[in-house]
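J.: coords please:
(2 chains)
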Amino acid sequence: MEASLRAQRTAALLIFAFLSLLAVSSSAAQEIQILNAERRIDLSSQIAIVFLTLKVENTGKAAASEVLLSFPPTEADHLAEVKAQAASGKKRKKTHVPLDVKPTDVPDAPKGAKCFRIALLNPLSPGETSTIEVLYMLTHSMEPFPAEISQSEPQLVYYRDSAYILSPYRIKQQTTFIKTPSTNVLSFSRVEPTNRAGMELKYGPYEDRPAYSFSPVLVHFENNNPFAVVEELVREVEISHWGNLQITEHYTLAHGGAKLKGVFSRVDYQSRPGASGVSSFKNLLARLPARVHSVYYRDEIGNISSSRLRTDSRKSELEIEPRYPLFGGWKSTFVIGYGLPLEDFLFESTDGKRYLNFTFGCPLSGTVVDKLTVKVVLPEGSKDPSAVVPFPVEQHMETKYSYLDVVGRPVLVLEKKNVVPEHNTLFQVYYSFNPVFMLAEPLMLVSTVFFLFAACVAYLHIDVSIRKR
Amino acid sequence: QLRLSVNAARDFTLRIQRQNRASPHSPSPPPAAAAMASKPVTAPVPITWYPTLAVFMLSIGLLITASFFIYEATSSRKTRSLPKELTTGALASFFLGFGSLFLLLASGVYV
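T.: Numbering: from 1, shown residues only, chains lettered A, B, ... in the order given. Purely as a prediction, here's the structure:
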């Protein structure tokens, strides 16, 4: 099945390459051409980080206000984040201005290619050139091969890409550099000129390639860095106006690399750490905000004591060790919870609305989250919740019944797939709250106790005797 | 030109890595809101007072409860006055209610 899947994939790529050789009719996209493109692919961790530098020239007659980027269908599914910035200036005095990147539909793109539109700050006038830097990240793009390894073997992975940068524009000159985590590269496709020096593979320079040209390459190399994948993460942020923010995170952690074949020998693992289980990982680091209190780390069995919390004035670090080291295909589920002071994260804006300013994203560093759900539980009596998040997420509302609740607390649920550490940025949730509603809780307690006293009084005043006293 | 983009690539990735490594949970309002001079929302009562308030309010509440029950026990049906009973009960329930709220807050159950 593996062979037929590979055959299908190469067949698809060959058809792609054939299509690209057909003359592409000139369209609006052809008014721009790329003079020089340099792509640096960093494969050191489980996330492929690609840095693209494009020197774009406007060859048309009209000013160009946007530049298009395109990705092949296999990459488009695994794309976690695309960022662009405009570089100007020389050498040390370079300034970078971030640019807006949005997915878009280009009608004449080959089928399956996903396109993004970069909006330029100043439209590019005819004949002018500009340098744009693009950073994008791909998750699950390194396929472990062999798919199953024993405890004493290193982990080898395939990385598939194209020697030519897929672009809707003609590229005059382009080079691709691939950086591998170690010098052990078993094989790599050759698309001349190709060179390899230590940990870096160089494809290029290639001259004058037409738009949408594609030449698949395959690199087979050793990558023992931890493939920590959080399959599902549910983060619940409960706001209490009495002064605390309680966060509970439910993790389903898995090792996303080559699966372990055969038995796991604890003796081998502990006696020869450098030669046994090199691709496994046993601890993870969670970066928490400063002034965190009541941190707990437990799972369904109970508390997990193998953790260390180090706090300082600016940040806290929680180093956790699951109950067993994680080898390929193994999973672990646990809960991490902590409390934070309210004044660090809840603010009141000038229009009277309150907002929560918190981080979106997994606090575990170096992990990829397949599905992230952030639930913000607002206090009872909050109205009109709305979220401002720097990237697209799916939102919906729920209700949660917690301590001393009558009508329930509104919960704003934000969901996102394919989250990388890049997404660990701040987001805001705005809502309006009348401070009078805070009294609802103590008044509920007061009225309960008063009901008991009234019952006492009533009991003492009622006369149930048959004879007149 | 190639060397320039090498450095640029390194700078970009270093900046991203530094962003990830440095705590992004800096307790400062977002730039747009900072311009609006947003102020942090704090609890209505300073948090450090919670245990003290709990102890005092509960003890006062229990004293008034004691006085209520003493009044009930020592008075006879004729000398009893309903308004006095109800006011004592209301006062006791007010102090006990707020005292138990502060007790819950002081013990970490942030309701």
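
J.: In the chain, what residue spans correspond to helices?
T.: With no chain named, the answer covers chain A. A:2-21, A:73-77, A:266-271, A:440-461 (DSSP state H).

J.: my bad, chain B
T.: With DSSP H as the criterion, chain B has helices at B:2-21, B:31-35, B:50-74, B:82-106.

J.: Go through the last one and flag the buried ones.
T.: By neighbour count on 16 or more other CB atoms under 10 Å in any protein chain shown, the buried set for helix B:82-106 is B:85, B:88-106. For the C-beta atoms, the positions are set from N, CA and C on the backbone; glycine is no exception.

J.: Could I get the average pLDDT for that helix?
T.: Summarised as a single mean, pLDDT over helix B:82-106 is 94.

J.: Kindly report the same for the first one.
T.: Along helix B:2-21, the predicted local confidence has a mean pLDDT of 53.

J.: Leaving out chain neighbours, which residue sits closest to the residue sitting nearest the centre point of chain A?
T.: Note on chain A: the residue nearest the mean C-alpha position is A:Val419, at 1.8 Å, using CA atoms, centre = their mean. Taking CB to CB, 6 or more residues apart in numbering or on different chains as the measure, A:Val419 lies nearest to A:Val369, with 4.1 Å between them; neighbours along the chain are not counted.

J.: could you check the distance from the one you found over to B:Pro40?
T.: Between A:Val369 and B:Pro40 the computed distance is 29 Å (CB to CB, to the nearest Å).

J.: near chain A, from the buried residues of helix B:82-106?
T.: Contacts with chain A are made by B:85, B:89-90, B:92-94, B:96-98, B:100-101, B:104-105 out of the buried residues of helix B:82-106, judged by CB under 8 Å from any CB of the partner chain.

J.: quick one, what contacts the residue nearest to the centre of chain A?
T.: Under the criterion of CB atoms under 8 Å, 6 or more residues apart in numbering or on different chains, the neighbours of A:Val419 are A:80, A:361-362, A:368-369, A:372.

J.: Surely A:Ile239 touches A:Lys375?
T.: No: in this structure, A:Ile239 sits apart from A:Lys375 without contact. The criterion is CB atoms under 8 Å, and the distance is 11.2 Å.

J.: what touches both of those two?
T.: By CB under 8 Å, 6+ apart, A:Ile239 and A:Lys375 have no common neighbours.

J.: Can you tell me the closest non-neighbouring residue to A:Ala87?
T.: The shortest distance from A:Ala87 to any non-neighbouring residue, by CB to CB, 6+ apart, is to A:Thr131 (4.6 Å).

J.: Distance-wise, check A:Asp312 relative to A:Val292.
T.: Using CB to CB, A:Asp312 is found at 11 Å from A:Val292.

J.: So between those two, which is more surrounded?
T.: Under the neighbour definition other CB atoms under 10 Å in any protein chain shown, A:Asp312 and A:Val292 were set side by side, and A:Val292 has more, 20 against 8.

J.: got the contact list for that one?
T.: With contact set as CB under 8 Å, 6+ apart, A:Val292 has these partners: A:311, A:316, A:338-340.

J.: Filter these down to the buried ones.
T.: The neighbour-count test (16+ other CB under 10 Å) applied to these identifies A:311, A:316, A:338-340 as buried.

J.: and stretch A:197-214, does that touch chain B?
T.: No: using CB under 8 Å from any CB, stretch A:197-214 never reaches chain B; the gap is at least 9.3 Å.

J.: tell me the mean pLDDT over that stretch?
T.: Per-region confidence: stretch A:197-214 scores 89 on mean pLDDT.
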